[in-house]
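J.: Okay, predicted coordinates and the sequence, questions at the end:
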Amino acid sequence: MEQLKTIGRELAMGSQGGFGQSKEFLDLVKSIGEARSKAEEDRIVLREIESLKRRIVEPGIPKRKMKEYIIRLVYVEMLGHDASFGYIHAVKMTHDDNLVLKRTGYLAVTLFLNEDHDLIILIVNTIQKDLKSDNYLIVCAALNAVCKLINEETIPAVLPQVVELLGHSKEAVRKKAIMALHRFYHKSPSSVSHLLSNFRKKLCDSDPGVMGATLCPLFDLITNDANSYKDLVVSFVSILKQVAEHRLPKAYDYHQLPAPFIQIRLLKILALLGSGDKQASEHMYTVVGDIFRKCDSSSNIGNAVLYECICCVSSIHPNPKLLEAAADVIARFLKSDSHNLKYMGIDALGRLIKLSPEIAEQHQLAVIDCLEDPDDTLKRKTFELLYKMTKSSNVEVIVDRMIDYMISINDNHYKTEIASRCVELAEQFAPSNHWFIQTMNKVFEHAGDLVNIKVAHNLMRLIAEGFGEDDDTADSQLRSSAVESYLHIIGEPKLPSVFLQVICWVLGEYGTADGKFSASYITGKLCDVAESYSSDETVKGYAVTALMKIYAFEIAAGRKLDILPECQSLIEELSASHSTDLQQRAYELQAVIGLDVRAIGSIMPSDASCEDIEVDKSLSFLNGYVEKSLEKGAQPYIPENERFGMVNISNFRNQDQLEVTSHGLRFEAYELPKPSVQSRTPPISVASSTELVPVPEPSYYRETPQTAPVPSSTDTGPSGLKLRLDGVQKKWGRPTYSSSSASTSNSSSLKVVNGVTQVDGVSSGNSKTHETSYDSRRPQVEVSEEKQKLAASLFGGSSKTERRSSTGHKVAKASSHASEKFHTSKSTTIYSADNVVEKPNLVQPPPDLLDLGEPIVASSAPSVDPFRQLEGLLDSTQDPGTFGGTKAPDLMALYAETPAGGRSAGVALPLSLSRDGDKFNTRIVKCK
């Protein structure tokens, strides 16, 4: 501070020609002050930088002139420009013996450098020497530099000197030494852990400034470990009492209030020490009560001390008299015309409401006035207060107010916070499940995708579980109410994606459950949703799965299916979709429509969304099938960790890994073309002139490829097999011979697995605008009846915090419950495909002649012409044992022929697995 005052005096005197300030420097300051734009200011500063770069390196510059240059560099840095070319000159100035020059150098260095700068090493020795100086002003300048520039590595170099200065005769030096140790504690607590007792000693220093500086490190220490400093409670209370009784010098008064900043710091410390400690709190009651009575509330600093007293009272063990005094201060704050004081009053009321809920009822009209105030920050603080005082008797009014305010704002960050608070209050204090659903609908509709997806899962769980009691009628009414509300909302434009997912799930599960709405009506609405949100794949996936549920329930009920034309066109469109997820859902829907009642009842039981799913990771139901396949010569299963480097084109994951490695730079020479000779053909007798041989491309993997007995040509990856036609006569087209370079076509393979990756679509919901105006300066008028009713709704009823009974309403309350699994299969088993040797293709779309599909590898399959394989794909009479002629088994025949008992003969039907992208609608076909 002394350095800043010195520089300020120099600049002030420089305007009058003092200290040798040049007219050029004064003109620079004047021209920058008169600049009309940032661009003009930058031009002036850049000219000054060029001038300083030229002048500062001139030899024989007088010290006072160099001092002026350093000050001008400080001015350049303050305006946001780089002055690093002059840093070394500021460092050199710290070495000067002249006091003014040294302090100027220290000031410039602390502004120019940071603790990790390379030039710090040049200052450490100078600081060490100056800390031992006889001139206390030089010592103070060095301590200021210590606080700014010493880092964790250089603390040991100056720590002994700083500790010695704690006993210096000058109070300014002792104060700055305490500040330096506090800085060391922030940088490296372990380096000063043995010196913490020094803070206790300096608390009793004869100088109030040193004592006040000691409070700052003690506050940090007490925050980390209050129990170790409980013995200081009496000392802190004594110091606070002396300060409040004006025993400090008048120099510490501020607006006629004795040392207010020391009082605030002491009150913060007492709040920490008295928290949860009745014995320690009893020592504080008297002095805190005296401050309440003596403190002047006519100034801002007085109100700050009173506010800190309220915070202290709310933290320590409660005392009725102090609570009453705090309530009186809060009343003065709330009745003030100043928005700042109202804000403090609302915040203080929120602190005391936990100890004394009836205090809020005394100020209910003032709280309502703040709720309707045009000041947005005050309104937000009032909502925080209402959030803290919510109970089951006033939750409806408070949540409705919050939702109205959420609609009126455009700040997405705060809108997210309001939405999460509405959800939390609704889950904790909802008077009924019907009100909870309606409230969630409003939150989803207006907050959009800002709502956490877990909230959607909780809502779906509530609708599925119902009231949690054995009252089926009430559960049916709840679901019917949800269906009706969603059918009313679904026609509104631009609904959020998360909300649409909930709507589609509810309509699919319970749309036709009560018979009020026909299947055609529900499916028409779902098709409209899929068409309106065609860019959102997640919503379309939910809609298609909901259609499948409705059709399955219709088949199970024995009713005739009436598929609308728009639904049929949607299924056809999605069957050719680029999204594998949507394509699989469409094929699953087509397969489900063709099943009979018995199959539908097994794979998609009604109202089974809450049933647990048993997971059989060993795939024990395939044991019999695997044994039979191995007896017939099927290739054994190879674990995934052993497949890398093998020529197995059915391993798509291995293929992707090799493709990634092949995209890098290659430094080996190109391979020479391999002539088509008989010796390089695989050891398989091929009946046709066409041969399938492995053609590995250059890569970093030099493992010898292991060819399968009957390879396929569908994989065009770096390590896959390729069809070579060197010297082979073409069967199609003109009778000529192909060139030596084999032509390959890159085709993307579709990987259809049980786990389908979903892309969450994001849609933005428009918020309606709702504005309220209020004149805070209008004269006192009689309270309106409407405001009285609102106050009764907010503050009336029992004051005890009530929670919803866990048996009465089953509403999800914690985020951990939201991650629980919700599935739709009764006692269903999900199996992974890791242990499968060979799986039959149960249902296939019409094959493409140019798509050979997934390869089927057999250890002892006969040799077959690959072109005859292509022709055999459509030959339904070909022997199923030959390659390429596998007959797609009939789905219903397979289901009917499956034996009723024995898990070994079971087959999982993947086309009947429906996924909604959530954990609610997993349907598994299990044939026993």
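T.: Here it is on my side, so go on. Numbers count the residues shown, from 1 in each chain.

J.: From Arg585, how far out is Ile453?
T.: Here the criterion is Cβ to Cβ, to the nearest Å. By it, Ile453 lies 20 Å from Arg585. Any C-beta I mention is one placed from the backbone N, CA and C, and that applies to glycine too.

J.: So between these two, which is more surrounded?
T.: Per other Cβ atoms under 10 Å, whichever of Ile453 and Arg585 has more neighbours is Arg585, with 28 against 14.

J.: so the more buried one touches Leu547, yeah?
T.: No - using Cβ atoms under 8 Å, Arg585 is not in contact with Leu547; the gap is 9.1 Å.

J.: ok, the nearest residue to Pro249 once chain neighbours are set aside to Gly448 distance?
T.: Spatial nearest neighbour of Pro249, chain neighbours left out: Pro208 (7.1 Å); criterion: Cβ to Cβ, 6 or more residues apart in numbering. Distance of Pro208 to Gly448, given as Cβ to Cβ: 57 Å.

J.: More neighbours: the two, which one.
T.: Shown here are Pro208 and Gly448; by other Cβ under 10 Å, Gly448 has more neighbours (24 against 19).

J.: Am I right that that one sits in a helix?
T.: Yes - counting by DSSP: H, G, I helix; E, B strand; the rest coil, Gly448 falls inside a helix.

J.: where in the stretch 101-250 of the chain is pLDDT low?
T.: Along the stretch 101-250 of the chain, no part satisfies pLDDT under 70.

J.: phi, psi of Ser480?
T.: Note on Ser480: backbone dihedrals following degrees, to the nearest 10 are phi -60, psi -40.

J.: is it true that it touches Phe517?
T.: No - the criterion here is Cβ under 8 Å, and Ser480 misses it with Phe517 at 9.6 Å.

J.: Which neighbours do Arg585 and Leu547 have in common?
T.: Counting by Cβ atoms under 8 Å, 6 or more residues apart in numbering, no residue touches both Arg585 and Leu547.

J.: By residue count, which helix of the protein is the longest?
T.: Longest helix in the chain by number of residues (criterion: DSSP state H): helix 537-556.

J.: In three-state terms, label Arg36 for me.
T.: coil.

J.: Ignoring the adjacent residues along the chain, who's closest to Ile316?
T.: Using Cβ to Cβ, 6+ apart, the nearest residue to Ile316 is Gly274, at 3.4 Å.

J.: cool, Tyr387 as well?
T.: Spatial nearest neighbour of Tyr387, chain neighbours left out: Arg421 (5.4 Å); criterion: Cβ to Cβ, 6+ apart.

J.: Same question for Tyr533.
T.: Nearest one to Tyr533, counting by Cβ to Cβ, 6+ apart, is Val539 at 4.6 Å.

J.: Pretty sure that neighbour sits against Val529.
T.: Yes - counting by Cβ under 8 Å, Val539 touches Val529, with 6.7 Å between them.

J.: Give the residues shared as contacts by those two.
T.: What both Val539 and Val529 touch, as defined by Cβ under 8 Å, 6+ apart, is the set Leu500, Cys504.

J.: what about the two, which has more around it?
T.: Remark: of Val539 and Val529, Val539 carries more neighbours, 27 against 23, as counted by other Cβ under 10 Å.

J.: residue ranges of the strands in the protein, please?
T.: Counting by DSSP state E, the chain has strands at residues 253-254, 257-258, 614-615, 691-694, 721-724, 829-830, 907-914, 923-927.

J.: Show me where this structure dips below the pLDDT cut-off.
T.: Ranges of the chain meeting pLDDT under 70: 1-21, 467-470, 607, 610, 644-783, 796-928.

J.: Surely Lys294 and Val243 touch.
T.: No - using Cβ under 8 Å, Lys294 is not in contact with Val243; the gap is 11.2 Å.

J.: These two - which one has more neighbours?
T.: Val243 (23 against 14).

J.: Ser575 and Glu588 touch, don't they?
T.: No - using Cβ under 8 Å, Ser575 is not in contact with Glu588, being 10.6 Å away.

J.: okay, those two: which has more neighbours?
T.: Legend: neighbour count by other Cβ under 10 Å for Ser575 and Glu588, higher for Glu588 (23 against 16).

J.: Return the distance of the more buried one relative to Gly508.
T.: For Glu588, the distance to Gly508 - Cβ to Cβ - is 13 Å.

J.: picking that back up, for the residue nearest to Tyr533, give its distance to Ile453.
T.: Distance, Val539 to Ile453, using Cβ to Cβ: 13 Å.
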